[in-house]
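Participant: Just need the structure, nothing else, for what follows:
(chains A, B and C)
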Amino acid sequence: MVKGKSLLIGSGISVAIVILFVCFMGALDVKALSKTPDDTQPIMFRPDIITFDNMEVFGKLEKTKAIFLHDQHTDALEKINKDCTACHKTENGRMSQKFMRLKDISREELTKIYCDNCTKCHTEMIAAGEKAGPVKCDECHKERPSIQSSRVPMGFDKSLHFRHYRAQDNKCDRCHHEYDKKSQKLFYAKGKEGTCRYCHKEEPEGDATVKVISMRFASHLACIDCHQQTRAKHMDAGPLRCAGCHDAQEQLKIEKVKHVPRLKRGQPDNVIIKTGDEKGVIPSMMRVPFDHKAHEAYNDTCRVCHLASLESCATCHPLDGSKKATKNGREITLETAFHKRGHQSSCTGCHESKQQDKNCAGCHAFMNKTRQQESAACLRCHMIPLPERTGELSTSKAAKMARLMPQLWKETFGPIYKVDVPKTVVLKDLVNQYEPAEYPHRKVFDAMVKKLDGSKLAQYFHYDDTTLCRGCHHNTPAAGKPPRCANCHDKPFNEDNLFRPGIMGSFHQQCLGCHQKMGVEKYTGCISCHKERKKES
Amino acid sequence: MSISRRKFLGWVGAAGLSTTIGKSANAATNKQFTGYPKSFAILHDTTLCVGCRSCEAACNKVNDLPQPDKPFTDLSVLETKRRTTTTGFTVVNKYDNPKDSQNPVFYKKQCNHCLEPACASVCFVRAFKKTKTGAVTYDSSVCVGCRYCIIACPFEIPTFEYDQVLTPRIRKCTMCYPRVIEGLLPGCVEACPMEALSFGKREDMMTIARERFRKYPDRYVDHIYGEHEMGGTSWLYISGTPFNKLDMREDLGITPAPQLTAGALSSVPMIVGLWPVLLAGIYAVSKRKEKIAQTEKQQALTSALDKERPDESDIEEES
Amino acid sequence: MAQVTTAERKSIFSLFNLIALIVLGVGVYITYLRFTGGLAAVTNLSDYNPWGIWISFDLLCGVALAAGGYVTSSAVYLFGMKEYHSAVRPAILTGFLGYALVVLALQYDVGRPWRLPYPLVVQQGTTSVLFEVAICVATYLTVLFIEFSPAAMEWLGLKKARNIVVKLTILLTIFGVVLSTMHQSSLGSLFLIAPSKLHPLWYSPYIPIYFFVTSIIAGLSMVIFESTLSHRFFAFKMDETHLKEANGVTLGFGKAASYVLAGYFAIKVMGLASGNQWHYLKTGYGTWYLVELLGFVALPSLLYAFGVRTKNLTLIKFTSVLAVLGVILNRFNVCLIAFNWHLPSSERYFPHWMEIAISVFIVMIGLLLYRFIVTRMPILYEHPDYKDAH
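Facilitator: Residues are numbered from 1 along each chain as shown, chains lettered A, B, ... in the order given. Sure thing, here's the model as predicted:
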C-alpha cells in the first residue's frame, strides 16, 4: 500500500509539471500553434513554369502534373553550349514546341519520352558532378509543389509593333497571314492584316481537317523562332527566355517608342459611325461623328475597340445585334457596344474610365454610376441630322461633316450661362464648435478650369462653365447662379429623404471627399478649414 | 431499508410533483427575434470615416466619462489597435486600404446592440435588456459582477471596472438610450462631421446601404455586416475593404447566441422529470434483488437445516 | 470503534500546521487587499480574460472534484453496493466542503459578492445557463448539508433530529444525483455560448455531456485519492469496518473509473469525428489535446484496468492522481488555455501569484475543516450509539 506521503509528493510533482506546461503554452505564440502544415511552406514565384498536362488528352492522370522550369533549363544548357535543339525537334524549318517529338501519339509513348529523356540527362549531369534535376518519380510529380507561377501575359502594343516592322523593313508578310482552306496553306493577304488574336484564340479551335492553333502556341512559334534565327545571324533580337517576356520586371525594361507613326491600313480620319443601315435597317437617332485619327492616338492597340476585326463596328454589332457578336448566347446590339459602362471597348465605358483620373475624381467619384443621363448629354455625340439617302455616308462630304460638326454644334447647344463665381463664400450654417469656414470659391473654381486644359475629352464634355458648377452644385438644372447647399440639405436622417445627407455631412463629404480623391493634402484636418471656437466658460 | 409499494409510490409522486415547483425556463425555441418593429439602428459607412475621433469625444462627453491621457484630437493613438475600455465605450481603429495606400480605412467599434444579445442571454440576473428602441441597456443595480457577459460577447465589447471595490460595473455603449427616448440623436451620430454614422429605423438603414451599393458598386463590398451576423445586430457596417481586413470576424455565423445554449437548457426539464423515475427505478430494482437474495438465502438455509435435522420441524415452528 | 487519545495527537507545531499558518496569513492579507483594492489589485484578469483560475480551478475543478458525494451515495444507496458504505460519509463531507468552498471562492471572484442571492430573490435570468448552475449549486449545497448533518447531530447528541434526517437519505440521494447531473453538465454548457472563442478541439455541442462524465471520473478518483490520504493521516480515527472496506473501495471504484474513462474516451473521439476536427490535431494545440486525451484519459483507463486486474492497489492509487489531474487539465483547457486561442499572446492570461495564493488558501481552509470534522465527528467510524443505522 503506497504511503500517503509519497502519494502526496508524487501528486505535487505532477501538478508542478502541469503548471510548467501551462507556462510553456503561455510563452508560445499561440497563433503559430494553430497553423496547419499547409500554411508554413514558403512559396517561390517564377514566370517560367510549364506544367506538363499533355497527357490529359489520353485520359485520367495517374500522378500529379510535373512542374518544369523552362528558363532554368535554357540557362543550364547554355552553360554546356547546347541550344534549343537539345530538346526541340525541327520540322519544315520551324522548331517544334513539343519536347523531343513532333506529335503526341500515345500515353505510353509520352511517358517514355518524358521520363526516359529527363532522367537520362539528369543522371548524366549528376555523374559529371553537376547539380541536376530529379531522377525519382516523386521528386517531379510532387504532391504539393511550393512553386507558384508569376507569369504575366505578354502583349504587343503599337510601340512594339512599330519596332518589329521597322526591323523587318516594313514587310508585313513576315508575320501576317491568312489561311486558305482549299489548298490548306497559309498566304499573305494585303489590306487584311490584323492582330494574331483575331484567329488564334486561347484554346486551339477547329476540327480534324483544319486546326487553328492556340495563341500560346502560335505566338511562341512565330516569336521565339524568329528571335532565334535573328540571333543566329548575330543581330539584336527579342528574348528567348520565358522571363524575358513574361516576367513583370522584365516587361518594364522593354523599350517604348514615344511617338509611334500612324499605322496605315486604310482607316478613315473622320467618319460618321455606321449603324448597319447598308443592310436596310434604318436608324432613328441622329448620327455620331467620330474622329478616328485622334482616337488612334489615345490607345495602345487597335484591339481595345476592334475586338474581333478591323472593320466597322456595325459589321458585327448592327442595330439589332447579330450572331457574330454574342456573349453567353446573347447578341450584343449596337447600343450596348457603344454605351456599355465598365467596358473599355465601348465609348461610354472608356470615357468613364478616364473620369477616375486624379484630376477628375474629385467630382466624378461621387456621381451615381447608375444614374440616368439627361438628354443634353446624348446630344454631345448624336448630332448629325439623318440623311435623306444613306448613300451620303461614305462620301467625302460625310467625312467633312464628321470633322466640322462637333465644333459647329457647340454653338447651338442652348444658352451658355455666364458664371459669376464669388471670391469667398462664408459657410456659417453650423457654427458651434468651430468658427464659420471661409471658402475661397473663386480660387478653387479657377483651379478646376485649369485642370481641363490637359484633357481634350474633358474640354469637350464640359461645354460651358455651369457643367463644372454642377460637379458640386448637383441635382439641379444648369444656371448662372446655382443654389446654396443648405437649400436642400438641412437636418440629417430624414425618413422621407433617406438618401440625402444632412448639411454637416454634405459639406464634409463633398469637401473632404474631393480633397481625398484629388490628393489635396493641405486641407484635410479640421482647423485647416475652420478655426476652433474659443468657449467663454 | 425496505419500502412498501405504497410508500414507494408516495415518494415518487412527491418527487414528481416537486418538479412542478419553480419557474419554467423558456429556453428552447426555434423562433428568431428579428427586432422590435420600428426599432432604431445605426449604419456605419467606413468609406466615409476619416478617423477624426469626434465620435469618441462626443461619447466621452455625453456619458460623463473621465478625460483620457491623450486628448481626442491626438490622432497618433490610431497607430495601435485599441479595444473598448471602461472609459472608452467606442474606439476608432485604422487599417491599410488595399485599394488606396494613401487613404487608410477607419472603423468605429462599439457595442453592436444585437437583436438577440449574447450578454442578455447569459446574464443570470437579467441585467441586460433589449429595449424597444433597439439599444441593449445595462442595469447596474442588479449586476452581481460575474462577468459572464464578457465571456459571451462574440464581439469582445463589454468591459469591467476591476479597480472598483464596492461598485464595479460593466461598461459599454448604451446607444445613448436616455437621449434617444427624448428624440435626440446618439452622441457619436450627432458629432460625426462626415455622416459616416446614419441613424434611423433598421429597415431604413438597410435601404440606405443597398442604395449605396447600387449607386457605387465599385466602392463597396456587397455585404452589410450585422444584417445576419449572430442573428442580426442594430449596428450595421458597410465597407470598401473586406471585413476581415478590419479585424471584423467573418466566422461568427448567423445563429443568434441564445440558440447556442437553448439545447442544453431544454434538457433541464427532461432530466428533472426522468432522472427521479430512473433512479427510483434502479433503487427499487436493487432493493428487489437484495430481497430475492435474502429470500434465497433463507430458503437455502431452511432446506439445508431440513436436510440436517428433518424431524425437528416442531422446534422450528416455535421460533 | 476506535477512541482517540490525546497522546496520539501530534504536536500543534507540526510542519503542516506551520505551513497552514503561513498560507492562512497570506490568504487573510490578500483578502484584505481584494476588498480594499478591488479585483485589479490582486488578479491579472482583463477585459479579454474575465475568468481566471478562481473560476477555472476553484469553481470548475472544485465542483468536479466534489462529485464524489453523489457518485458514492448513489452507488451505495441506489445501486445497492453496500460494500462501499464506509466511503459514503467521507465522500459526502468532501462534497459538502467542496461546494461550500466554491461559494467561498465566488465571494472573491464575483464583483459584488453580497449580491450573490440576487438571482434567487431579486430578478431571475432564466435564459442563462449560469442561472441554472446557481440554483442547482445552491440547492445541492443544501442537500449536501442535510446529508452531512446526521454526522454532526450524532456528535452533538441530537438523536431525534438525526433519526428524522436519516429517513430522508434515499430521497436526498436521488435529488442529489438529479441536481448534480444538471449543474455538472451546465458548467460545461457555460461555454456553449462562445464558439468563436473556444478552440474547435474543445468546443463541441457535447461539452455538457463531457463535463458530466468527467465529474463522475473525478468523483470516483477523488474518493480513492482521499481514502489513501485519510489512511495515511487519520488511520487512528478509522473503525474496523472502514479499514476492512478500504481496499474494496479502491478496487471497486478503480474498476468503475476505468470503464467510465473508456466511455469518455470513446465519446470524445466520436465528438471529434462528428465535428470533423481531425485537421486541428496536426497543430500545436492538437498536440496538447492529444496529451490530454491520451495521457490523461486513455492512459488512466488502461492503468486502472490493469491495476484492478492485478489487484495492484499502488497502481490504482497513482492512477487516481493521474485521472484527477486529467480532469483539472481538461477544465483548465476549456476555461483558460483553449479559450481566447485566437488572441495574440500579449493578450493571453496567466494568473497573478495572489490568485494562486488565494486558491491555495481556500484549499487549505478545506483541509483544515476536513481535519477538524474528521477528528471529532463520526465520519471515519460509526458512532457507537447509532450502530443500527444502515
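
Participant: quick one: is stretch B:248-255 near chain A?
Facilitator: No: Stretch B:248-255 lies out of reach of chain A by Cβ under 8 Å from any Cβ of the partner chain, never closer than 13.2 Å. No exception for glycine: its C-beta is placed from N, CA and C like everyone else's.

Participant: now the helices for the stretch 101-250 of chain C?
Facilitator: C:118-121, C:129-156, C:159-167, C:169-189, C:207-233, C:240-275 (DSSP state H, counting those that start in this stretch).

Participant: which stretches of the chain have low pLDDT?
Facilitator: Assuming you mean chain A. A:1-12, A:14-15, A:18-42, A:143-145, A:277-281, A:387-396, A:409-417, A:535-537 (pLDDT under 70).

Participant: Correction: the question concerned chain C.
Facilitator: Looking at chain C by pLDDT under 70, you get C:1-11, C:387-390.

Participant: returning to what we had before: got TSV for the helices of the stretch 101-250 of chain C, with distance to chain A and mean neighbour count too?
Facilitator: TSV is the format used below for these (distance: least, Cβ to the nearest Cβ, whole Å; neighbours: other Cβ atoms under 10 Å in any protein chain shown):
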stretch	distance to chain A	mean neighbour count
helix C:118-121	32	17
helix C:129-156	23	22
helix C:159-167	31	14
helix C:169-189	20	24
helix C:207-233	2	24
helix C:240-275	8	18
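
Participant: Output those helices in JSON lines, with distance to chain B appended to each entry.
Facilitator: Below are the helices of the stretch 101-250 of chain C laid out as JSON lines (distance: least, Cβ to the nearest Cβ, whole Å):
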{"stretch": "helix C:118-121", "distance to chain B": "5"}
{"stretch": "helix C:129-156", "distance to chain B": "4"}
{"stretch": "helix C:159-167", "distance to chain B": "8"}
{"stretch": "helix C:169-189", "distance to chain B": "4"}
{"stretch": "helix C:207-233", "distance to chain B": "5"}
{"stretch": "helix C:240-275", "distance to chain B": "14"}
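
Participant: Including distance to B:Q299, could the ones you listed go into CSV?
Facilitator: Converted to CSV, these look like this (distance: least, Cβ to Cβ, whole Å):
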stretch, distance to B:Q299
helix C:118-121, 54
helix C:129-156, 35
helix C:159-167, 30
helix C:169-189, 27
helix C:207-233, 36
helix C:240-275, 28
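
Participant: now for those, which one comes closest to C:I362?
Facilitator: Closest of these to C:I362 is helix C:129-156, at 15.3 Å (criterion: Cβ to Cβ).

Participant: Flag every residue of the stretch 101-250 of chain B that's near chain C.
Facilitator: Listed as neighbours of chain C in the stretch 101-250 of chain B under the rule Cβ under 8 Å from any Cβ: B:118, B:120-127, B:142-148, B:150-152, B:154, B:156, B:158-168, B:249.

Participant: Nearest residue to the closest residue to chain B within the stretch 51-200 of chain A in space, ignoring adjacent ones along the chain?
Facilitator: For the stretch 51-200 of chain A and chain B, the shortest gap (Cβ to the nearest Cβ) falls at A:S150, measuring 19.0 Å. Of all residues not flanking A:S150 in the chain, A:F45 sits nearest, at 3.8 Å (Cβ to Cβ, 6 or more residues apart in numbering or on different chains).

Participant: Show me what that neighbour bridges to in the sheet.
Facilitator: When assigned by DSSP bridges, A:F45 has beta-bridge partners A:Q148.

Participant: and the gap between it and chain C?
Facilitator: Distance, A:F45 to chain C, by Cβ to the nearest Cβ, to the nearest Å: 26 Å.

Participant: for B:Y216, same thing?
Facilitator: 31 Å.

Participant: wait, doesn't that residue sit right on A:K369?
Facilitator: Yes: look at B:Y216 against A:K369 with Cβ atoms under 8 Å: they come within range, at 6.0 Å.

Participant: All set now, cheers.
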